[in-house]
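Participant: heads up, no residue letters with this:
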């Protein structure tokens, strides 16, 4: 099994990197608390590994340049553009996709707030917006409007539902602070 960061050279060691590929290699990802074992070429991004080699279609392939936020997942609890990261580099680290937010058939408070505030419009940006909001509220449970805008930078909504999204983030913050279990 290829280790996280396999194929890299340690500056201290000065060793040659382990060669991976060009064919498929084993990859084990921890997605939404579940281990996913796949065989992929080393060049496959985390986005493509999730969408094309497993059953996670929440992260959207939109710009494929890390500019729109549609492919956002949480890696170690932090938002990352999954189109800009190799899947092999995500091994051994917890990944959360939008599919992992709901629990026991009950929507996460952020999902509930987006639904209540009609903050999803066409829905293409929604997974990235939801995950970025979850990360923002974990770091800052009571953000100001300016802090919300900064926290969601890099997530583009082509439907221009920003006011609804900002309202949803504020609603979720209030709901989550009243019920700190989330």
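Facilitator: Cool, got the structure. Just so you know, these numbers come straight off a predicted model, no measurement behind them.
Participant: which stretches of the protein form strands?
Facilitator: Along the chain, the stretches classed as strands by DSSP state E are 25-31, 34-40, 72-75, 78-81, 94-96.
Participant: residues contacting the third one, please?
Facilitator: Strand 72-75 is touched from outside by 46, 50, 59, 79-82, 85, 90, 93-97, 127-128, 131-132, 134-135, 155, with contacts defined as C-beta atoms under 8 Å, 6 or more residues apart in numbering. Bear in mind the C-beta positions are built from the backbone N, C-alpha and C, glycine included.
Participant: which of these fall within helices?
Facilitator: Among the contacts of strand 72-75, the members falling in helices (DSSP state H) are 46, 50, 127-128, 131-132, 134-135.
Participant: how many residues are close by the closest residue in space to residue 30 that isn't next to it in sequence?
Facilitator: Nearest residue to residue 30 in three dimensions, chain neighbours excluded: residue 94, at 5.2 Å (C-beta to C-beta, 6 or more residues apart in numbering). Residue 94: 15 surrounding residues under other C-beta atoms under 10 Å.
Participant: give me the pLDDT for residue 94.
Facilitator: What the model reports as pLDDT for residue 94 is 98.
Participant: quick one: the strands of the chain as JSON lines, columns for distance to residue 111 too.
Facilitator: Below are the strands of the chain laid out as JSON lines (distance: least, C-beta to C-beta, whole Å):
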{"stretch": "strand 25-31", "distance to residue 111": "18"}
{"stretch": "strand 34-40", "distance to residue 111": "19"}
{"stretch": "strand 72-75", "distance to residue 111": "14"}
{"stretch": "strand 78-81", "distance to residue 111": "16"}
{"stretch": "strand 94-96", "distance to residue 111": "13"}
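Participant: buried deepest among those, which one?
Facilitator: Greatest average neighbour count among the strands of the chain goes to strand 72-75 (a mean of 24), per mean count of other C-beta atoms under 10 Å.
Participant: and the residue nearest the centre of the chain, how far from residue 50?
Facilitator: By C-alpha atoms, centre = their mean, the chain has its centre lying nearest to residue 73, at 0.5 Å. Note on residue 73: its distance to residue 50, by C-beta to C-beta, to the nearest Å, is 7 Å.
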